[in-house]
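In: Test case, fold it:
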Amino acid sequence: MRWHPLLPMLCTAGLDGVSRVWDARSGSLIRGFTGHTQGGLDVIFAPVSATETALVSSADDCTARVFRMDQAAIARTHASGPSDA
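Out: As a prediction, the model looks like this:
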């Protein structure tokens, strides 16, 4: 779980492979980001510009995915196998 540095939001990496962004005030789900085929390991908010933030997640499927916060779309996928560690 990670807190957004400026906004009242937090993000979580789920064992179902879904990364989720939550409203910290109400506890309601803002958006779920799918794409991982195995459980999530870590997630973080990453600034892209002064007005845009991305969500970066990693999972047991040996990928890191960059999601655009303004869309439920994968902007980038980075893959690595166990031998690359």
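In: now the nearest residue to residue 60 once chain neighbours are set aside: how far from residue 28?
Out: Excluding the flanking residues, the one nearest residue 60 by C-beta to C-beta, 6 or more residues apart in numbering is residue 38, at 3.8 Å. For the C-beta atoms, the positions are set from N, CA and C on the backbone; glycine is no exception. According to C-beta to C-beta, to the nearest Å, residue 38 stands 26 Å off from residue 28.
In: who has more neighbours, the two?
Out: Using other C-beta atoms under 10 Å as the criterion, residue 38 and residue 28 rank with residue 38 on top: 13 against 8.
In: show me where the protein has helices.
Out: Under the criterion DSSP state H, the chain carries no helices.
In: how much distance is there from the least confident helix or strand in the chain by mean pLDDT to the middle of the chain?
Out: Lowest on mean pLDDT, DSSP states H and E among the helices and strands of the chain sits strand 74-79, with a mean of 73. Centre-to-centre, strand 74-79 and its host chain are 11 Å apart (C-alpha atoms, centre = their mean, to the nearest Å).
In: May I have the strands that pair with it, each with its orientation?
Out: Applying DSSP bridges to the sheet, strand 74-79 is found paired with strand 63-68 (antiparallel).
In: Dump the partner strand to CSV, restricted to CA.
Out: Provided in CSV are the C-alpha atoms of strand 63-68 (Å, rounded to 0.1, in the frame of the first residue of the first chain):
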residue,chain,number,x,y,z
THR,A,63,6.4,-7.8,-15.1
ALA,A,64,6.2,-4.2,-14.1
ARG,A,65,3.4,-2.2,-15.6
VAL,A,66,2.9,1.5,-15.9
PHE,A,67,-0.7,2.6,-15.9
ARG,A,68,-2.1,6.1,-16.8
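In: what does it contact?
Out: Strand 63-68 is contacted by residues 19, 33, 35-36, 46, 52, 54-59, 73-80 when judged by C-beta atoms under 8 Å, 6 or more residues apart in numbering.
In: Now a ChimeraX select for only the buried ones of those residues.
Out: Filtering the contacts of strand 63-68 down to the buried ones (16 or more other C-beta atoms under 10 Å) takes a single ChimeraX command:
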select :19,33,35,36,54,55,56,57,58,59,74
